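# Fold the following and give me the result.
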Amino acid sequence: MCLGVPGRLVELYVDGDLRMGKVVFGGVAKAVCLEHVPEARVGDYVLVHVGFALARIDEAEARRVFDLLETLGKLDDVGVP
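Okay, here's the model as predicted:
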């Protein structure tokens, strides 16, 4: 099973021949390859898997994923496997 995590694109740059960006995930910034989402712009949310942005998503969808991840984290706190 794969998990794509939404993050907010805060910076665009080119590294060699690759379109890259700095994406923030809950306060942590990571370098992400943006080659699969050429339409992504600063301020957009992108869905990232293993360092590659796979899709641009709207803020509402990103919030739904954040809420789900928070709920799953709370389940761990009460001993639900």
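
# I'd like to know which helix or strand in the chain has the lowest mean pLDDT.
In the chain, no helix or strand scores lower on mean pLDDT, DSSP states H and E than helix 59-77, which sits at a mean of 83.

# by contact count, what packs against it?
For helix 59-77, the elements it packs on are strand 5-15, strand 45-49, judged by 3 or more Cβ pairs under 8 Å, 6 or more residues apart in numbering; DSSP states H and E. All C-beta atoms are positioned from the backbone trio N, CA, C, and that covers glycine.

# Let me know the angle separating that helix from strand 45-49.
If you take axes from the mean of the first three to the mean of the last three Cα atoms, to 10 degrees, helix 59-77 sits at 50 degrees to strand 45-49.

# would you turn the helices and strands packed on helix 59-77 into JSON lines with mean neighbour count, distance to Glu61 and mean pLDDT?
Formatted as JSON lines, the helices and strands packed on helix 59-77 follow (neighbours: other Cβ atoms under 10 Å; distance: least, Cβ to Cβ, whole Å; pLDDT from 0 to 100):
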{"stretch": "strand 5-15", "mean neighbour count": "15", "distance to Glu61": "7", "mean pLDDT": "97"}
{"stretch": "strand 45-49", "mean neighbour count": "20", "distance to Glu61": "7", "mean pLDDT": "96"}
